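>>> quick one, structure for this:
(2 chains)
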Amino acid sequence: DAGVTQSPTHLIKTRGQQVTLRCSPISGHKSVSWYQQVLGQGPQFIFQYYEKEERGRGNFPDRFSARQFPNYSSELNVNALLLGDSALYLCASNLDTLFYEQYFGPGTRLTVT
Amino acid sequence: AQTVTQSQPEMSVQEAETVTLSCTYDTSESDYYLFWYKQPPSRQMILVIRQEAYKQQNATENRFSVNFQKAAKSFSLKISDSQLGDAAMYFCAYRSPNAGKSTFGDGTTLTVKP
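So this is what the prediction gives:
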């Protein structure tokens, strides 16, 4: 079975622009979580979605939004990009909210110039 | 809120030797899960080992084992017979039951010398 997939792999944007990152969970997994990993730090939780509903939100501004589709794939949107948004964005899936083991995708490297 | 602290930004080990990575956490919960993840330069986060807080027995996965001290809120990772492929950033993570959020430490970079 395919693991968690994310697209694109790399992305370069200019300050003020908007970006959409995509994630496909492992087949059968209904929960998707998003993390931001700034260089040299551990991942920081942004969102969790389960059955198309937001189940958790980290300490990120409203410029960050996400959604989950009927096929359980997910998009993370970031508006009005800032230089500080440059990071590796990780998507993780797990079977459901009761199952604690998360599987991570390879990430999308976002560079804001 | 839970916090996870990894006090060793960098560690080095000789191939075939044993190394221990430290992790402490802070929580008021009695039930939770702890994880060690490995992130090679390719950046794919890989689960190394997990520990349920209600289990007294320390988890073991082949060359990887943990020393879980619940009262001390300590969760160290021991890598035995270190291999070149073990070189990576290692993250300790905490997760509450029924939560989609994992809280990570800032990682320890492990170098394995041939």
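>>> quick one: residue B:54 and residue B:33 touch, right?
No. Residue B:54 sits out of contact with residue B:33 when judged by Cβ atoms under 8 Å, with a separation of 9.6 Å. All C-beta atoms are positioned from the backbone trio N, CA, C, and that covers glycine.
>>> the one helix or strand residue B:35 maps to pairs with which strands?
Secondary structure assignment for residue B:35, by DSSP states H and E: strand B:33-39. Using DSSP bridges, the strands paired with strand B:33-39 are strand B:46-52 (antiparallel), strand B:88-95 (antiparallel).
>>> buried deepest among those strands, which one?
strand B:88-95 (a mean of 24; mean count of other Cβ atoms under 10 Å in any protein chain shown).
>>> what sits up against whichever helix or strand comes after that one?
Sequence order places strand B:102-104 as the next helix or strand after strand B:88-95, per DSSP H and E. Strand B:102-104 has contacts (Cβ atoms under 8 Å, 6 or more residues apart in numbering or on different chains) with A:33, A:35, A:42-45, A:92, A:102, B:1-4, B:25, B:35, B:37, B:91-95.
>>> could you verify that residue A:84 is part of a strand?
No. Residue A:84: not assigned to a strand; according to DSSP: H, G, I helix; E, B strand; the rest coil it is helix.
>>> distance of it from residue A:60?
The spacing between residue A:84 and residue A:60, counted by Cβ to Cβ, to the nearest Å, is 11 Å.
>>> residue contacts, the closest residue to chain A within chain B?
Of all residues in chain B, the one sitting closest to chain A is residue B:100 (2.8 Å; Cβ to the nearest Cβ). For residue B:100, the contact set (Cβ under 8 Å, 6+ apart) comprises A:31, A:33, A:45, A:48, A:49, A:50, A:55, A:56, A:94, A:97.
>>> so can I have JSON lines of these showing pLDDT?
JSON lines is the format used below for the contacts of residue B:100 (pLDDT from 0 to 100):
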{"residue": "A:31", "pLDDT": "90"}
{"residue": "A:33", "pLDDT": "94"}
{"residue": "A:45", "pLDDT": "95"}
{"residue": "A:48", "pLDDT": "92"}
{"residue": "A:49", "pLDDT": "92"}
{"residue": "A:50", "pLDDT": "89"}
{"residue": "A:55", "pLDDT": "88"}
{"residue": "A:56", "pLDDT": "89"}
{"residue": "A:94", "pLDDT": "86"}
{"residue": "A:97", "pLDDT": "60"}
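>>> quick check: ChimeraX command selecting the buried ones in these.
Buried residues within those, by 16 or more other Cβ atoms under 10 Å in any protein chain shown, are selected in ChimeraX with:
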select /A:31,33,45,48,49,50,55,56,94,97
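>>> I'm done for today, thanks for sticking with me.
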